[in-house]
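K.L.:
Got a sequence here, can you build the structure:
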Amino acid sequence: MLSILLIFLLFGIVITIIEEKNFIYQMVYFTNTADVITLIALVPLLTLPVKLSGYASSIEQLSLKKIKKSSQFFSFTQVLAFITGSVIHMAAMNMTHTLVKESSVKLSIPDKYMGIAIIQGYSLSMLFSPLSIGFSQMVDHTEAKFIPAFLFGLCLSVLGLILGQLLDRKRLNYIPVQLQNSMGNDISYKSIMWLCIPITIYVISIILLNENLNVSLIYLTSILSIPFSYVWSVLLKKRNEYFQEVSSYIQNELVNLFGMFALLLSAGYFVGVLESSQLFEFITNGLIWLSNNLNPSLLVSVFMLVVILFSMMGMHPLIAYIIVLHIVDPSTIGIHPVIWGGSLMTAMVIGIMVCPFNGSTSIISSFTGSSSLQVAKWNTVFGIYYFLLVSLIVFTAVKFS
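P.N.:
Next up, the predicted model:
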């Protein structure tokens, strides 16, 4: 991470020197990713009332009673990670693991498939969730409208869920499940509903405010997480416990994110310097030439590959996505911003699953006891098929648009 940070800074400084620009004025570009940092820091607060509520036991009871096959557990875990990822984003994998780990042990499900289901569901939720940094960046930095972007991302994510289930269904059906014949307690559907209701209210609030206020979606999502998580905890009669959890989060988790924050600041600086340089004008002219001589859908696939390859080489998928999203204006290559943004987000999602150097594969590694490299290998087949599927969708959409 430090080496990539230094490379961004070095390139930014070199461009500034070559173009003989004032370093002091260029410093403002460090604020380019301040909104992303705010989102990363504040969104985890939404997990606190979930932790304090005791919903996990109801989820465990539901899974033990309803699941009869390994493929059903995979689908259940994948969809649960998908739902939690869409509303609590960065904390979704840990939350999903907490909710299903006891069930996986009792049902004798291999950790490998639990891990694959969690990372697939979590990653795919980024394609449409307002809490996703990638989605918020697309809405804020392109001309994409919220609702079309949301619907396109939702369709891509659902297709990804179906693809993941189809690819692993045959192997999963050969895994025997230790069925639980008796349940000591009835399923508390009321608890599950109380988990869904506040989350739904939160998402609807973000959508309505975004449509009616001239406020960045990223800042809106970040700022709302503070009062919303507090009010939710108060309604659960866990006010004191909430403040204790906030203190614990700041001391134990937030401080560990400072390295990523520094990387994002340096990436924002590099992108800002590049956008204000003559080199950027040269790049833009090159893209216009390519759009006039190559099929636009082919260009989209190429840029998707660029994001994936950068991710596999060690760059954080979010950083690779932000750089390409900011540098390339979809209008210069004749692509609708929704298709452009959705395609790049897909590449980011694939990069998250197949890169052994990012936090997501490291978290799954800690859940399963396998190396991050092994976790990345588990997702390679899915990544290839998903890339081809989305490329086909882009080709069709561009052809008939």
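K.L.:
Tell me the secondary structure at F135.
P.N.:
helix (DSSP: H, G, I helix; E, B strand; the rest coil).
K.L.:
Was I right to think it contacts F128?
P.N.:
Yes: if you go by C-beta atoms under 8 Å, F135 and F128 touch, sitting 6.4 Å apart. C-beta coordinates here come from the backbone N, C-alpha and C atoms, glycine included.
K.L.:
Compare neighbour counts for these two and give me the winner.
P.N.:
F135 (28 against 21; other C-beta atoms under 10 Å).
K.L.:
quick one: the more buried one from L264, how far?
P.N.:
17 Å (C-beta to C-beta, to the nearest Å).
K.L.:
Likewise for F30?
P.N.:
Taking C-beta to C-beta, one finds F30 at 10 Å from L264.
K.L.:
More neighbours: those two, which one.
P.N.:
L264 (25 against 17).
K.L.:
residues contacting the more buried one?
P.N.:
By C-beta atoms under 8 Å, 6 or more residues apart in numbering, the residues touching L264 are T33, V36, I37, I40, I319.
K.L.:
if you set the cut-off to 10 Å instead, what comes out?
P.N.:
With contacts defined as C-beta atoms under 10 Å, 6 or more residues apart in numbering, L264 is in contact with 5, 8, 30, 32-34, 36-37, 40, 133, 257, 316, 318-319, 322.
K.L.:
what about the spatially closest residue to it that is not a sequence neighbour, is that helix, strand or coil?
P.N.:
Nearest non-adjacent residue to L264, counting by C-beta to C-beta, 6 or more residues apart in numbering: T33, 4.3 Å away. Classification of T33 using three-state DSSP returns helix.
K.L.:
Would you agree T33 is in contact with A267?
P.N.:
Yes: the pair T33 / A267 is scored as a contact, 6.3 Å apart, by C-beta atoms under 10 Å.
K.L.:
Centre of the chain to stretch 317-337, how far?
P.N.:
From the chain centre to the centre of stretch 317-337 is a distance of 17 Å (C-alpha atoms, centre = their mean, to the nearest Å).
K.L.:
Count the neighbours of L127 for me.
P.N.:
L127 - counted by other C-beta under 10 Å - has 29 other residues nearby.
K.L.:
what's the answer for S216, then?
P.N.:
Neighbour tally, S216, other C-beta under 10 Å: 19.
K.L.:
Which pLDDT value does the model give it?
P.N.:
Looking at S216, its pLDDT is 73.
K.L.:
ok, now the one 5 residues further on?
P.N.:
pLDDT recorded at T221 is 76.
K.L.:
I'd like to know how far it sits from L209.
P.N.:
Distance from T221 to L209, counting by C-beta to C-beta: 10 Å.
K.L.:
same check, this time on S266
P.N.:
Distance, S266 to L209, using C-beta to C-beta: 31 Å.
K.L.:
Kindly report the same for I363.
P.N.:
31 Å.
K.L.:
Look at the two and report which has more neighbours.
P.N.:
The neighbour comparison of I363 against L209 (other C-beta under 10 Å) goes to I363, with 19 against 14.
K.L.:
what's the closest non-adjacent residue to the more buried one?
P.N.:
M93 (5.2 Å).
K.L.:
swap in M27?
P.N.:
Spatial nearest neighbour of M27, chain neighbours left out: Y269 (8.0 Å); criterion: C-beta to C-beta, 6+ apart.
K.L.:
and if you look at M114?
P.N.:
M114 sits nearest to S104 (C-beta to C-beta, 6+ apart), 4.9 Å away.
K.L.:
okay, now the one you found: neighbour count?
P.N.:
20.
K.L.:
My guess is it contacts L80. True?
P.N.:
No: counting by C-beta under 10 Å, S104 stays clear of L80, with 11.8 Å between them.
K.L.:
Could you pull out the buried residues of the longest helix anywhere in the chain?
P.N.:
Longest helix in the chain, counting residues (DSSP state H): helix 146-172. Neighbour-count burial for helix 146-172 flags 146, 149-150, 152-154, 156-157, 159-161, 163-165, 167-168, 172 (criterion: 16 or more other C-beta atoms under 10 Å).
K.L.:
cool, stretch 237-256 as well?
P.N.:
In terms of neighbour count (16+ other C-beta under 10 Å), stretch 237-256 has its buried residues at K238, Y242, E245, V246, Y249, L254.
K.L.:
again with stretch 290-305
P.N.:
Neighbour counts using 16+ other C-beta under 10 Å place L290, S291, P296, S297, L299, V300, S301, F303, M304 of stretch 290-305 among the buried residues.
K.L.:
Stretch 16-35 now?
P.N.:
Within stretch 16-35, the residues that count as buried by 16+ other C-beta under 10 Å are T16, Q26, Y29, F30, N32, T33, D35.
K.L.:
Name the helix or strand for S365, please.
P.N.:
Applying DSSP states H and E as the criterion places S365 in helix 359-368.
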